[in-house]
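Visitor: quick one, structure for this:
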Amino acid sequence: MKRFYQLLNAVLCASAIALTAVSCEENMNESYLGAITVTLEAPETYPDMPLSGLQVTILNTTDGVRDTVISDNDGKAFFEELTAGSYNISVNGTYDNATINGVSNGVLVVSQETTEVTVALTAVFQDPMGPYSGLVIKEIFYSGHSMNYDPMGAAMLKDQFIELYNNSERTIYLDGLHIADAWTPATADFESAPLVSILEDPTLDHSFLYANIVIKVPGNGEDHPLEPGESFLIATNAINFKSEVQAAADEYGMGDLVVLDHIIDLSTADMETYAVQWLQSQGREGNEYFDFDNPDVPNMENVYLSEINDYFLWEMSGSAPFIFMPEKELGTEDIIIYTYQPQNSTTDKEMALMRIPVECVIDGADFVNDMESAKWKRLPDSIDIGFGYIPNDNGSMTNFSQRRKVDSEASAKAGRTILQDTNNTTNDFEPVDPPTPKGGYAE
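Guide: Below you'll find the model as predicted:
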């Protein structure tokens, strides 16, 4: 009997130790958790707007985990049991024919504390009768092909494209439409980032955007109609890269390594860019290795190409495309020399950029290098309040494009595909592999 009690005591002690260990482990885990309380602040244009029913999303900038809740009647959203670290917050919704957005980046969560955040909302009025209202960027492929699918690098950055989409119920004429990439030294200068973001630089007039590439749809007014639910594809090179990649791999005995399902065919693009002869006429060198002319596909009209580019290359570490219709013809008088100082340097750098009035922008999207690069946004909140990035911090040569999501509710009402447009890249776009020019949505 004595032996029995000795064994019983041993078991009970072991259980107590185990429970204590579990309890300590739970307390240890809980010690790393914090919370966020988000309080929404109404837009100045709608001070009495109800603040309930808005989507509030948080993004952990370390692991990319998201969580979304709906704001309550007091305009508050609560997030609990959060891992300590940095979070980005975005808000979106609609009210009175306006898109409602809000953002707060770099919010720190501290263990065993609740972080209080107030997010000021903005309202962007959508003019349903504007001649270009409903014209949106559907997809952009800027990152370039991965060597996992293209082992010989036959496509590389030659197959970039941007695709526009008519979300409206009427025909939109694209003649004269301009397309540009807003520039920032954070992605163009890999040696050192600038001291200040281009959106925060006090030396600049922020009623303008600053672009390093600008192209234009040629035409005399009604040469390029875009019907409702149709898209317009602009390729860097209108080539069937499936054939190019397969031929290059076969030549070097690597044909079995090609994954053609991830290679795109741009030979049916509506237009392509081509700058070799245009640059040569200015005494500059074109890039005949990356820039080709398909005689069967019409060329975009060249407007501006900065000195750092020798063909129309979308910034491969994160592009900020926007479409606009200027009130006048753009020329040399619209080019400025932007001087900036990089970090860890006492020497200024210069960049010639074309400035475009913010008020003439129709749509834009903002993509940066990774989830922590919000400060390098190039588009102001009046155009787009969020940002996107290629997953896993892979940057360029990943094979991912950025594609706009479908608005399921609006599509069901319209009986055709309507793309989501909340003026928030974070909510509206998602990275996809492979890219899907002229496709991508199940009917």
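Visitor: what number of residues lie near the nearest residue to residue 285 once chain neighbours are set aside?
Guide: Nearest residue to residue 285, sequence neighbours excluded (CB to CB, 6 or more residues apart in numbering): residue 310, at 6.1 Å. No exception for glycine: its C-beta is placed from N, CA and C like everyone else's. By the criterion of other CB atoms under 10 Å, residue 310 has 18 neighbours.
Visitor: got it, and residue 378?
Guide: Residue 378 - counted by other CB under 10 Å - has 28 other residues nearby.
Visitor: if I look at it, how far off is residue 112?
Guide: 38 Å (CB to CB, to the nearest Å).
Visitor: which parts of stretch 345-358 are buried?
Guide: Buried positions in stretch 345-358, judged by neighbour count with 16 or more other CB atoms under 10 Å: 349, 351, 353-356, 358.
Visitor: nearest to residue 47 among the residues you listed?
Guide: residue 358 (24.1 Å; CB to CB).
Visitor: secondary structure class for the closest residue to residue 255 other than its chain neighbours?
Guide: The shortest distance from residue 255 to any non-neighbouring residue, by CB to CB, 6+ apart, is to residue 249 (4.7 Å). Three-state call for residue 249 (DSSP: H, G, I helix; E, B strand; the rest coil): helix.
Visitor: and residue 249, what does it touch?
Guide: 151-152, 154, 255, 257-258 (CB atoms under 8 Å, 6 or more residues apart in numbering).
Visitor: quick one, strands of the stretch 1-150 of the chain?
Guide: Along the stretch 1-150 of the chain, counting by DSSP state E, counting those that start in this stretch, strands occupy 33-41, 55-60, 66-70, 76-83, 85-95, 98-109, 114-120, 122-125, 135-141.
Visitor: could you export those as a markdown table, including distance to residue 407 and mean pLDDT?
Guide: Listed next are the strands of the stretch 1-150 of the chain as a markdown table, based on distance: least, CB to CB, whole Å; pLDDT from 0 to 100:
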| stretch | distance to residue 407 | mean pLDDT |
| --- | --- | --- |
| strand 33-41 | 22 | 96 |
| strand 55-60 | 13 | 93 |
| strand 66-70 | 16 | 94 |
| strand 76-83 | 22 | 96 |
| strand 85-95 | 11 | 91 |
| strand 98-109 | 12 | 90 |
| strand 114-120 | 23 | 96 |
| strand 122-125 | 16 | 83 |
| strand 135-141 | 11 | 97 |
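Visitor: what residue is smack in the middle of the protein?
Guide: The structure's the chain has its C-alpha centroid closest to residue 367; by CA atoms, centre = their mean the separation is 3.1 Å.
Visitor: beta partners for that residue?
Guide: Residue 367 has these beta-bridge partners by DSSP bridges: residue 388.
Visitor: residue 391 is in contact with that one, correct?
Guide: No. Residue 367 is beyond contact range of residue 391, at 11.9 Å (criterion: CB atoms under 8 Å).
Visitor: point out where the stretch 301-443 of the chain drops to low pLDDT.
Guide: Residue ranges of the stretch 301-443 of the chain with pLDDT under 70: 392-396, 442-443.
Visitor: show me the strands in it, by range?
Guide: Going by DSSP E, counting those that start in this stretch, the stretch 301-443 of the chain shows strands at 301-305, 321-324, 335-340, 349-357, 361-364, 401-404, 429-432.
Visitor: just the angle for the longest one relative to strand 335-340, thanks.
Guide: Same thing as strand 349-357. 130 degrees (axes from the mean of the first three to the mean of the last three CA atoms, to 10 degrees).
Visitor: need the residues that contact strand 349-357.
Guide: 178, 180, 183, 185, 188-189, 205, 207-212, 214, 303-304, 306-308, 322, 324, 326-327, 330, 334-342.
Visitor: how does it look with 6 Å?
Guide: The contact list for strand 349-357 (CB atoms under 6 Å, 6 or more residues apart in numbering) reads 183, 208-211, 214, 304, 306, 324, 334-340.
Visitor: please apply the same query to stretch 34-51.
Guide: Against stretch 34-51 from outside (CB under 6 Å, 6+ apart): 56, 71, 75-80, 82, 84, 95, 109-111, 113-123.
Visitor: now do stretch 92-104
Guide: 49, 54-55, 89-91, 117, 119, 121-125, 385, 422-424, 427.
Visitor: could you give me the ChimeraX selection string for whichever of those are buried?
Guide: Here is the ChimeraX command that selects only those of the contacts of stretch 92-104 that count as buried (16+ other CB under 10 Å):
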select :49,54,55,89,90,91,117,119,121,122,123,124,385,422,423,424,427
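Visitor: would you turn the strands of the stretch 301-443 of the chain into TSV with distance to residue 136?
Guide: Listed next are the strands of the stretch 301-443 of the chain as TSV, based on distance: least, CB to CB, whole Å:
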stretch	distance to residue 136
strand 301-305	21
strand 321-324	8
strand 335-340	28
strand 349-357	18
strand 361-364	5
strand 401-404	7
strand 429-432	11
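Visitor: widest-spaced pair of the contacts of strand 349-357?
Guide: 324 and 339 (24.9 Å).
Visitor: who has more neighbours, the two?
Guide: Using other CB under 10 Å as the criterion, residue 324 and residue 339 rank with residue 324 on top: 23 against 11.
Visitor: ok, so what distance separates the more buried one from residue 355?
Guide: For residue 324, the distance to residue 355 - CB to CB - is 12 Å.
Visitor: repeat for residue 290
Guide: On the measure of CB to CB, residue 290 and residue 355 end up 27 Å apart.
Visitor: what's the answer for residue 108, then?
Guide: Applying CB to CB to residue 108 and residue 355 gives a distance of 36 Å.
Visitor: what do you get for residue 388?
Guide: 24 Å.
Visitor: can you report how many residues neighbour residue 33?
Guide: Counted with other CB under 10 Å, residue 33 comes out at 15.
Visitor: for it, give me its contacts.
Guide: Here residue 33 is in contact with residue 81 (criterion: CB under 6 Å, 6+ apart).
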